[in-house]
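Participant: mind folding the following:
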Amino acid sequence: MFSKEKSRRLREEFWISFGKSYPKKWILYKTKIKGLTFKFTFDSKKALVSIDVEGGLEQRILLWEKLLSLKSVLLEDYWHNAIFEEYHLLENQKEISRIYVERNGVSIHNKNTWLETMLFFNENMGLVEAFFEDFRDILKS
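Facilitator: Residues are numbered from 1 along each chain as shown. Reported below is the predicted structural model:
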């Protein structure tokens, strides 16, 4: 078990190391499409790369329908093992829609899994960003 402080330091160390290993400016929250964000998540059980659709219900439905219309392209040409969740409940009880891939068996508390996780993040976020660049106009409209 790790203290909160030790866990915080490990998280900070991981993200600094990731940034140095992959010094790319990731799109993440800066999609310029309201309610659409890309995220890296790494905790004590898994790593996750996701496309999150947030905001009001009407806005979420419109964006989600656009993403669903591109589902076959996303799965065939970019993210072969993506999981689509129209309704995903966050820990804070906020409901979003999410498309994601995850890597189980890794832990931010285990430095032996960091390289595997960094490779996973780099590969999968690169695929998400390539998809986004190719279909940005459809998602914006």
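Participant: contacting residues for T31?
Facilitator: T37, F38, F132, L139 (C-beta atoms under 8 Å, 6 or more residues apart in numbering). C-betas here are computed from N, CA, C, even on glycine.
Participant: most neighbours of all these, which one?
Facilitator: Using other C-beta atoms under 10 Å as the neighbour criterion, F38 leads those with 20 neighbours.
Participant: you'd agree that residue is up against V53?
Facilitator: No - using C-beta atoms under 8 Å, F38 makes no contact with V53, being 10.9 Å away.
Participant: mind listing residues that contact stretch 46-54?
Facilitator: Defining contact as C-beta under 8 Å, 6+ apart, one finds that stretch 46-54 is touched by 35-42, 60, 63-64, 67, 94, 96-106, 117, 120-121, 124-125, 128.
Participant: in helices only, show me the contacts of T31.
Facilitator: F132, L139 (DSSP state H).
Participant: of the contacts of T31, closest to Y87?
Facilitator: Using C-beta to C-beta, T37 is the member of the contacts of T31 that lies nearest Y87, at 17.2 Å.
Participant: just the pLDDT at that closest one, thanks.
Facilitator: For T37, the pLDDT comes out at 93.
Participant: what sits against it?
Facilitator: Applying C-beta under 8 Å, 6+ apart, we find T37 in contact with L28, Y29, T31, I51, D52, E54.
Participant: which strand or helix spans S72?
Facilitator: Per DSSP states H and E, S72 falls inside helix 71-73.
Participant: my error: substitute I99 in the last question.
Facilitator: According to DSSP H and E, I99 maps onto strand 95-104.
Participant: buried residues, that strand. List them.
Facilitator: By 16 or more other C-beta atoms under 10 Å, the buried positions in strand 95-104 come out as I96, S97, R98, I99, Y100, V101, E102, R103.
Participant: redo those as JSON lines? Include pLDDT and distance to E13.
Facilitator: Shown next, in JSON lines, are the buried residues of strand 95-104 (pLDDT from 0 to 100; distance: C-beta to C-beta, whole Å):
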{"residue": "I96", "pLDDT": "96", "distance to E13": "29"}
{"residue": "S97", "pLDDT": "96", "distance to E13": "32"}
{"residue": "R98", "pLDDT": "97", "distance to E13": "27"}
{"residue": "I99", "pLDDT": "98", "distance to E13": "29"}
{"residue": "Y100", "pLDDT": "98", "distance to E13": "25"}
{"residue": "V101", "pLDDT": "98", "distance to E13": "24"}
{"residue": "E102", "pLDDT": "97", "distance to E13": "22"}
{"residue": "R103", "pLDDT": "97", "distance to E13": "19"}
